[in-house]
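Student: Attaching a predicted model along with its sequence, questions to come.
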Amino acid sequence: NARFGQFVGRENYDPNTRIVQVQATSDTRTIVHELGHWLEDHNADVHRKVVAFYERRTQGYNLEWMGPGYDRDELARKDKFINLYMGKEYVAGGDRYATEILSMGLDHLYNKTALLARQDPEMFDFIYNVVRGLP
């Protein structure tokens with residue numbers, strides 16, 4: 001079960017407390033996104049699959065600043081993702097502790113299904129299979 005915390009700041013999933021923070025007014029898309037982070041953090045098999053997908057897709061791409069609106073330390077690997085944010089880098093102590101693959105993938109599967117299927121069929125299939133519990 002997901003634990004929901006008292007809202008502080010903006011919607012997010014905190015891997016330290018393992019709590020999803022949303023507001024009563026948060027839209028479904030945002031909740032789906034944050035629950036994607038929760039699922040990746042709470043299921044080691046899902047995390048392993050997502051990290052393997054991220055590393056395979058971003059192999060050979062250099063880290064780059066995500067641009068205006070992002071802190072200078074917010075970096076991503078470009079790949080052919082629909083949105084650069086999908087390639088965001090989350091590494092601490094040499095460990096890839098999170099990705100935006102599942103959260104952004106679920107967001108697009110929920111909100112922009114046809115766009116994801118058309119523009120990135122490989123990611124569409126990957127997210128669909130994760131949701132179905134397939135290898």
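Tutor: Everything's here; your move. Residues are numbered from 1 along each chain as shown.

Student: Please count neighbours and contacts with C-alpha atoms only from this point.
Tutor: Noted.

Student: and Arg29, what is it in contact with?
Tutor: By Cα atoms under 8 Å, 6 or more residues apart in numbering, Arg29 lies in contact with Asp107, Tyr110, Asn111.

Student: Before we go further, the second one is sitting in a strand, right?
Tutor: Put plainly, it is Tyr110. No - using DSSP: H, G, I helix; E, B strand; the rest coil, the assignment for Tyr110 is helix, not a strand.

Student: low pLDDT regions in the protein?
Tutor: 1-9 (pLDDT under 70).

Student: Just want the most central residue of it.
Tutor: By Cα atoms, centre = their mean, the chain has its centre lying nearest to Glu100, at 2.0 Å.

Student: Next, the closest residue to that residue other than its chain neighbours: phi, psi?
Tutor: Nearest residue to Glu100 in three dimensions, chain neighbours excluded: Met86, at 5.0 Å (Cα to Cα, 6 or more residues apart in numbering). The phi/psi pair for Met86 (degrees, to the nearest 10) reads phi -60, psi -20.
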